[in-house]
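K.L.:
Dropping a prediction and its sequence here:
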Amino acid sequence: MKTCHQFDTVRAEYQREIGFMVAHSQRHAGRPAAKCSAKQAASAKQRMARALNSHVSRCPECG
């Protein structure tokens, strides 16, 4: 699938955020902060999917 620059930018920002949360979760394994960070990462993945899906439906270059 060919995507535009905006799609790649949005995806990269979300992936960076998710990476930070997953790394934090792994660093603090066994603590409540790890569980919270893992939940936030899962939530961010859902937000990313929703944002990219709506982008593709609106963008003439991607869709």
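P.N.:
Here it is on my side, so go on.
K.L.:
C-alpha only now, for contacts and for neighbours.
P.N.:
Noted.
K.L.:
name the element E61 belongs to?
P.N.:
Using DSSP states H and E, E61 sits within no helix or strand.
K.L.:
Now for it: which residues touch it?
P.N.:
By Cα atoms under 8 Å, 6 or more residues apart in numbering, the contact list for E61 reads 3-4.
K.L.:
What pLDDT does the model give it?
P.N.:
Looking at E61, its pLDDT stands at 90.
K.L.:
K2 too?
P.N.:
What the model reports for K2 is a pLDDT of 84.
K.L.:
same question, the one 3 residues further on
P.N.:
According to the predicted model, the pLDDT of H5 comes to 94.
K.L.:
Please apply the same query to the one 5 residues further on.
P.N.:
On pLDDT, V10 comes in at 95.
K.L.:
Helix or strand for the most centrally placed residue in the chain, just tell me which one.
P.N.:
In the chain, the centroid-proximal residue (Cα atoms, centre = their mean) is Y14; its distance is 3.4 Å. Here Y14 sits within helix 5-27, counting by DSSP H and E.
K.L.:
Between helix 5-27 and the helix or strand that that helix is followed by, find me the angle.
P.N.:
Using DSSP H and E, the helix or strand that follows helix 5-27 towards the C-terminus is helix 32-58. Helix 32-58 and helix 5-27 meet at an angle of 170 degrees, taking axes from the mean of the first three to the mean of the last three Cα atoms, to 10 degrees as the criterion.
K.L.:
May I see the buried residues of helix 32-58?
P.N.:
By neighbour count with 16 or more other Cα atoms under 10 Å, helix 32-58 contains the buried residues 34-35, 37-38, 40-41, 44-45, 48, 52, 55.
K.L.:
ok, so of those, who is nearest Q26?
P.N.:
A34 (6.9 Å; Cα to Cα).
K.L.:
what's the distance between that closest one and G63?
P.N.:
Relative to G63, A34 is positioned 37 Å away (criterion: Cα to Cα, to the nearest Å).
K.L.:
and what of K2?
P.N.:
Distance from K2 to G63, counting by Cα to Cα: 9 Å.
K.L.:
ditto for P32
P.N.:
The gap separating P32 from G63 is 41 Å, by Cα to Cα.
K.L.:
Check H28 too.
P.N.:
With Cα to Cα as the criterion, H28 and G63 are 41 Å apart.
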